[in-house]
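1. how would this look folded up:
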Amino acid sequence: MMLRPQISSTARLVTRVGPRLTGQLVRTLTDDGYLHKSKVPTMAFQDSLLKLKIPSLEDTAERFLASARPLANDAEYAQTKAALEDFMSSEAVDLQKKVVEEDKRVYSSYITAPWNQMYLDNRASLPVNLNPQITMKDDPDPAKHDQGTRAASLIAASVAYYRTLRDNLLTPHIFQAKGKEPTWGDDLFSKVINLTPRKFKSYLAYANGTFPLDMSQYSKLFGLSRIPEIGTDRLQSYSEEQSRHIVIQYGYDFFTLDVLRPDGTGVPEGEIASGLAKILRQPPRLDGPAFGLGTTLGRDEWAVLRKKVMDSSATNAASVDAISSALFAVCLEHESVGAAPMTPLEETTNEQYTDLTEAMLYGKGRNRWFDKSFQLIVAKNAKAAVNFEHSWGDGVAVLRYFNEIYAESAKNAAATPVAGVEPKKLEFDFSDDIVQDLSKAGEGFDALLDSLELLVLQTQVMNADLLKECKLGTDGAMQMAFQLGYYRLYGENASTYESANTAAFKHGRTETVRPCTTASDKFVKLFCDPQASQADREEALRSAITNHGKLTKEGVFGKAWDRHLFALKSMAKREYGSVPAFFEDPVVKKLDHIIISTSTLASEALDAGGFGPVNKDCYGIGYGIINIGARLSVMSYKRDTQQLLDCIEQGMADMLTVASGKNF
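-> Numbering: from 1, shown residues only. You can find the predicted model right below:
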């Protein structure tokens, strides 16, 4: 029911990618420029993936009420329950029938089409509201602590990834259940899969204890742009013939650089490095109109301005089209951000981490282009990140790309620049009123950033080793710390969002996990009751964490209520032109108004990540936990952010004191 930028979690499954179906990544290009050559074609499993099952009305009603209970008093809950029962016995019956009938006609997920459309219908600006970012670790090679050198390496790795995907040679994305070994070895598995008819391949994988993921989003990584239009946007895909180039922003200017030959092979890294060096040789232009600011506007406003720019001259139209049709976008950030390269994690200050996150999430808006499927950002001190537009896909596809290009880049020495492809500066002819529009957009974006604050907590109070020792689930413990911190600060529960990825199903996207439950409600109240016993607190803590783990596992299989109710609501809009009264219920609206929006992911290539709050009351919490501690970045519209972090850290200490019997 709630739109938010989310880097999707994968529950308790362990990703296995690489040239072996269940092996480790190999990071050396083949002689003909591929990352690897999979024994099984990339899209081998696409025609046999299971469809996501549509929940029954009864199951959805039960799950919804479980989420509503901790957010409502007795009177509110009784009213909401009555409204739900009325809806489920009337309009929902017909809507469910229509959703099921429509689902039978297509080999897809029942939620995919309305969910995709929801993103495109959203009129909010992309930065802060929708686009997340994930930041890479530094390259260990000192030569690639130079901006142009590292950018060239990552661009070349990206082109190799694109070509491997394009030619169906990228290893299929498969999950293996944690703690279980495949029935067959890789060679035998590959032979069996290749001999099996396409419509049965996934079933053979299931029998092997492995789970192929939907890869339909992967092709949308490249040559794709979100085009703003009045009322709803559209996604525009471009052919390789149109997308042999990348678009590069440096300062306020745009350049194109060819990265694919007409025969489909990649431009060598040395030529890319030479082209980037020519761009970086000149000082960045940091005055005058900054066209990138257009992509920071609300979508209707941007649609009007974009059309005005393109209609005003053929030069403008050609330049805008060159940006939109690029294979992907690159931003050469003219400032250094965060800590110096290879600064140890424990020596990175909160201020440096904040600076890094803000730069990669939105920067100053003037030298970013948020409409591309993704933009690869490389700062002056060679810090690198991927900022991606969310309507086309989720974190599974982006993180696979992110991991592969980091690994490939870090494996190889920097290339020596050689003459070859030349960058071409894109020209614009902006009228006075367009310049004024862009200036106004800059003022608006600056005001938006001034209304936000991003603060960081780095703590050793809670760490993965200690949680394992206490036999507490890692993610559940972090989520309960958020619940306890918020309750201590405000004396009430909050509507909370975490996502579970449903990519194990055809065209799967995400499902919502609701960490605020009756179990978490009991837990926070006992921890805030000075008369409660330690035994009662520990029992409630463990119960809440166990329950969260159960909800997360169910979410991976679509066994939750948010997406189902969203599908029914979307069908009602299409069929009736309005939504049933149930969706106007105060508790339904309270659940839909996310206060704690959370995201986490784990990757050996990951240094940082972040996203913005989804409304004025929201806290956007990006978090990670390793064996030495936990780190949280919390962004809000200046809503008691430091106080919340203090309460969360105190909650962590209290939880571990109870669970371990030691003082923290």
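2. now what about the strand or helix carrying Ala317, what contacts it?
-> Element membership for Ala317, per DSSP states H and E: helix 314-324. Defining contact as CB atoms under 8 Å, 6 or more residues apart in numbering, one finds that helix 314-324 is touched by 225, 227, 236, 238, 245, 247, 254, 256, 306, 309-311, 329, 369, 371-372, 426-430. Every residue, glycine included, has its C-beta placed from N, CA and C.
3. next one: stretch 392-405
-> Stretch 392-405 has contacts (CB under 8 Å, 6+ apart) with 6-8, 10, 17, 25, 35, 132, 134, 136, 154, 157-158, 161, 173, 213, 215, 217-218, 220-221, 224, 226, 235, 373-374, 386, 388, 501, 503, 509-510, 601, 603-606.
4. Now, those that are in helices?
-> With helices taken from DSSP state H, the overlap with those comprises 154, 157-158, 161.
5. Mind pulling up the pLDDT for Leu3?
-> Leu3 is assigned 31 on the pLDDT scale.
6. for Asn663, same thing?
-> Spelled out, the predicted local distance difference test score at Asn663 is 83.
7. pLDDT score assigned to the spatially closest residue to it that is not a sequence neighbour?
-> In space, not counting the residues next to it along the chain, Asn663 is nearest to Thr657; the distance is 5.7 Å by CB to CB, 6 or more residues apart in numbering. The per-residue pLDDT reported for Thr657 equals 97.
8. What is the neighbour count of Thr657?
-> By other CB atoms under 10 Å, 16 other residues sit near Thr657.
9. Check the gap between it and Val524 for me.
-> 16 Å (CB to CB, to the nearest Å).
10. thinking again about what came up before, C-alpha coordinates for the helix holding Ala317, CSV please?
-> Once side chains and other backbone atoms are set aside, the C-alpha atoms of helix 314-324 remain, and they are given as CSV (Å, rounded to 0.1, in the frame of the first residue of the first chain):
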residue,chain,number,x,y,z
ALA,A,314,16.5,21.3,-32.5
THR,A,315,19.9,21.5,-30.7
ASN,A,316,18.1,21.2,-27.3
ALA,A,317,16.0,18.3,-28.6
ALA,A,318,19.0,16.4,-29.8
SER,A,319,20.9,16.9,-26.6
VAL,A,320,18.0,15.8,-24.4
ASP,A,321,17.6,12.7,-26.6
ALA,A,322,21.3,11.9,-26.2
ILE,A,323,20.9,12.0,-22.5
SER,A,324,17.8,9.9,-22.4
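11. tell me which residues of it are tucked away?
-> By neighbour count on 16 or more other CB atoms under 10 Å, the buried set for helix 314-324 is 316, 319-324.
12. Downstream of that helix, the next helix or strand is which one?
-> Criterion used, DSSP H and E; the element after helix 314-324 is strand 329-332.
13. and that following strand, what other elements does it pack with?
-> For strand 329-332, the elements it packs on are helix 147-166, strand 245-250, helix 269-280, strand 374-378, judged by 3 or more CB pairs under 8 Å, 6 or more residues apart in numbering; DSSP states H and E.
14. Dump these to TSV, plus mean pLDDT.
-> What follows is the helices and strands packed on strand 329-332, written out as TSV (pLDDT from 0 to 100):
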stretch	mean pLDDT
helix 147-166	98
strand 245-250	98
helix 269-280	98
strand 374-378	98
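15. Could you single out the most deeply buried of these?
-> For those, average neighbour numbers computed from mean count of other CB atoms under 10 Å are highest in strand 374-378, which has a mean of 26.
16. partner strands of that strand, parallel or antiparallel?
-> In the sheet, strand 374-378 lines up against strand 329-332 (parallel), strand 384-388 (antiparallel) (DSSP bridges).
17. Give me the three-state assignment for the residue of the chain positioned farthest from its centre.
-> Going by CA atoms, centre = their mean, the residue of the chain most distant from its centre is Gln531, 42.1 Å out. Put simply, Gln531 is coil when judged by DSSP: H, G, I helix; E, B strand; the rest coil.
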